[in-house]
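**Student:** here's a sequence, model it:
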Amino acid sequence: MKRRKLLVTLKDMSTTGSLLFVTLFLSFSASYGQVCDSLTLDAIIYPGEYNVGSLTESDGIRNGPDYSGATIYYPTNSTPPYSGMAIVPGYLSAQSTIQNWGPYLASHGFVTMTIGTNSI
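**Tutor:** Now for the predicted structure:
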């Protein structure tokens with residue numbers, strides 16, 4: 001009987017601990033979360049505020065054996081530090097299938113590299 005009562009007590013403590021954790025997490029997130037501008041159709045359709053430059057393999061980017069073609073897009077009239085990302089298309093797809101994301105994201109302040117995948 002004592003063992004059963006102990007298990008019930010431990011289960012109640014586990015549930016209470018989980019609820020406390022979730023409450024603390026949500027209150028922490030709410031108080032320290034970032035506030036972003038509202039997302040509008042214009043923000044999705046039109047480029048951002050920065051001019052965009054690009055570099056390709058012919059400009060001296062290393063031609064990696066694990067990918068096919070590469071282009072780096074970067075904002076030209078913004079100040080560092082920059083966030084960066086690499087965008088890769090689906091398996092055996094060409095760089096051209098995701099090429100438009102590079103200049104779009106760079107116009108919003110991200111240094112972006114688009115690459116293609118190798119074929120077998």
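
**Student:** and Thr117, what does it touch?
**Tutor:** Tyr67, Ser68, Val88, Pro89, Gly90, Tyr91, Leu92, Ser93 (CB atoms under 8 Å, 6 or more residues apart in numbering). Yep, even glycine has a C-beta here, placed from its N, CA and C like the rest.

**Student:** how close does the closest residue to Ser83 other than its chain neighbours sit to Leu55?
**Tutor:** Distances taken as CB to CB, 6 or more residues apart in numbering place Phe110 nearest to Ser83, at 5.3 Å, with adjacent residues excluded. For Phe110, the distance to Leu55 equals 15 Å [CB to CB, to the nearest Å].

**Student:** show me which of the two is the more surrounded one.
**Tutor:** Phe110 (20 against 14; other CB atoms under 10 Å).

**Student:** are any of the contacts of Thr117 buried, and if so which?
**Tutor:** The neighbour count (16 or more other CB atoms under 10 Å) marks Tyr67, Ser68, Pro89 as buried among the contacts of Thr117.

**Student:** how about the second one, phi and psi?
**Tutor:** Put plainly, it is Ser68. phi -120, psi 100 (degrees, to the nearest 10).

**Student:** list the contacts of the residue found closest to Gly116 once you drop the neighbours it is linked to in the chain.
**Tutor:** The shortest distance from Gly116 to any non-neighbouring residue, by CB to CB, 6+ apart, is to Gln95 (3.4 Å). By CB under 8 Å, 6+ apart, the contact set of Gln95 is Ser68, Gly69, Ala70, Thr71, Pro89, Thr114, Ile115, Gly116.
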